[in-house]
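Trainee: what shape does this take:
(2 chains)
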Number of protein chains: 2
Amino acid sequence: MDDDLKERIARELIGLVREKSWDKVTVRELTTRCGISRGGFYYHFQDVMDALEWTVSREISRLLVRGAQSQDAGASLALMIRAMRGYYAELKSLFSATKMRPQAVAVVIRAIQDNLRPLLSRCATSGALPREQRELLVGLLSYGIAGMILEEPDGSDFSPEFVAREVRLLIEARLNLPVR
Amino acid sequence: MDDDLKERIARELIGLVREKSWDKVTVRELTTRCGISRGGFYYHFQDVMDALEWTVSREISRLLVRGAQSQDAGASLALMIRAMRGYYAELKSLFSATKMRPQAVAVVIRAIQDNLRPLLSRCATSGALPREQRELLVGLLSYGIAGMILEEPDGSDFSPEFVAREVRLLIEARLNLPVR
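Mentor: The predicted model follows:
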């Protein structure tokens, strides 16, 4: 029941953020839409930002679950990129809010990294990369993918499958490079 | 003489931005520091943001000139990453200002791309990558490098030479992958 209410708030919040910038959304508006009391809202969340953070994490967990059901790590990465691009406007709005930015960056980067790591394990045919280099590779590629998702203009000629395929080729090439 | 004045404004602006957030800097403060009239400032710039944009571009051009003097494209990339990390606080301040963000991102990404392209030409030993894939590689790597520079916490264990070397290895590996 409680979880139902959180879900309902999250759904209405996504709707509102599609209409206007998230920092213009008020608790009053949100509770009116959900048909709940302010107390009901504050039982679950501290403020709009707190609700938004929960909503973003929940959406991304869903993507990860869907991704994990896919047998192909490359297909799962493409799925995640496509889904994140689907939230382009909402993510842009989150990222343009200074206060929310660090959390939003952390959530997006973590989600991408969770998708990259299995790809790295599957691609390594000739021994593993030392930990430090593997972490740098994961960092570079996740910031790279986040940049393609968030900074490339909406409507630009951008295929998630093409990006995922290139990322996979890069990982394969790097992991199978002779050690020096 | 005019260029001297612009340089002087730029220098004082960097000093001020080191002391406080750029959006707290006023034209009055800047002209007082430079010992010039407000008219002198407005002859060259429209506002503080305009002056800041010019200053950032000028700093980055200087880095590029220094980088170009280096024979080694990898060393030049490391130099640029190190210099950008040196401006960590200023870049963070620029990037956290919503209005300035798109220009700041564009300037930083362009600077990184200008450093990556020569590296790509020098690394291709077995034929060129198709244009679309080369552009995606440049995009991914430049957003990746920008993320390492801007999002990794200040004081984190981050070596520009290590990042530049890994980027070079990645490019080499990808470019010399058999075409499929």
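
Trainee: I'd like to know which elements the strand or helix carrying residue A:107 is packed against.
Mentor: Assigned by DSSP states H and E, residue A:107 belongs to helix A:101-123. Counting contacts by 3 or more CB pairs under 8 Å, 6 or more residues apart in numbering or on different chains; DSSP states H and E, helix A:101-123 is packed against helix A:48-69, helix A:73-86, helix A:88-96, helix A:131-150, helix A:160-175, helix B:131-151. Yep, even glycine has a C-beta here, placed from its N, CA and C like the rest.

Trainee: can you give me the buried ones in the third one?
Mentor: Buried residues in helix A:88-96, counted by 16 or more other CB atoms under 10 Å in any protein chain shown: A:88, A:90-91, A:93-96.

Trainee: same check, this time on the last one
Mentor: Along helix B:131-151, these residues count as buried under the neighbour rule (16+ other CB under 10 Å): B:133-134, B:136-151.

Trainee: distance of the closest residue to residue A:77 other than its chain neighbours from chain B?
Mentor: Sequence neighbours aside, residue A:164 is the residue nearest to residue A:77 in space, at 4.3 Å (criterion: CB to CB, 6 or more residues apart in numbering or on different chains). Separation of residue A:164 from chain B (CB to the nearest CB, to the nearest Å) stands at 11 Å.

Trainee: list the contacts for the residue nearest the centre of chain A?
Mentor: Centroid-nearest residue in chain A: residue A:108, 3.8 Å away (criterion: CA atoms, centre = their mean). Residue A:108 is in contact with A:60, A:84, A:91, A:146, A:149-150, counting by CB atoms under 8 Å, 6 or more residues apart in numbering or on different chains.

Trainee: distance check, it against chain B.
Mentor: 10 Å.

Trainee: tell me the spacing between that residue and residue A:34.
Mentor: Per CB to CB, to the nearest Å, residue A:108 is found 26 Å from residue A:34.

Trainee: ok, now which ones touch residue A:142?
Mentor: By CB under 8 Å, 6+ apart, residue A:142 lies in contact with A:109, A:112-113, A:116, B:144, B:147.

Trainee: not counting sequence-adjacent ones, nearest residue to residue A:139?
Mentor: Leaving aside its sequence neighbours, residue A:139 sits nearest to residue B:148 (CB to CB, 6+ apart; 6.0 Å).

Trainee: just the pLDDT for the one you found.
Mentor: Reported pLDDT at residue B:148 in the predicted model: 88.

Trainee: now do the one 3 residues further on
Mentor: Among the per-residue scores, residue B:151 shows a pLDDT of 79.

Trainee: what number of residues lie near the nearest residue to it once chain neighbours are set aside?
Mentor: Spatial nearest neighbour of residue B:151, excluding adjacent residues (CB to CB, 6+ apart): residue A:105 at 5.9 Å. Residues lying near residue A:105 (other CB atoms under 10 Å in any protein chain shown) number 18.

Trainee: quick one: residue A:105 from residue B:160, how far?
Mentor: Taken as CB to CB, the span from residue A:105 to residue B:160 is 21 Å.
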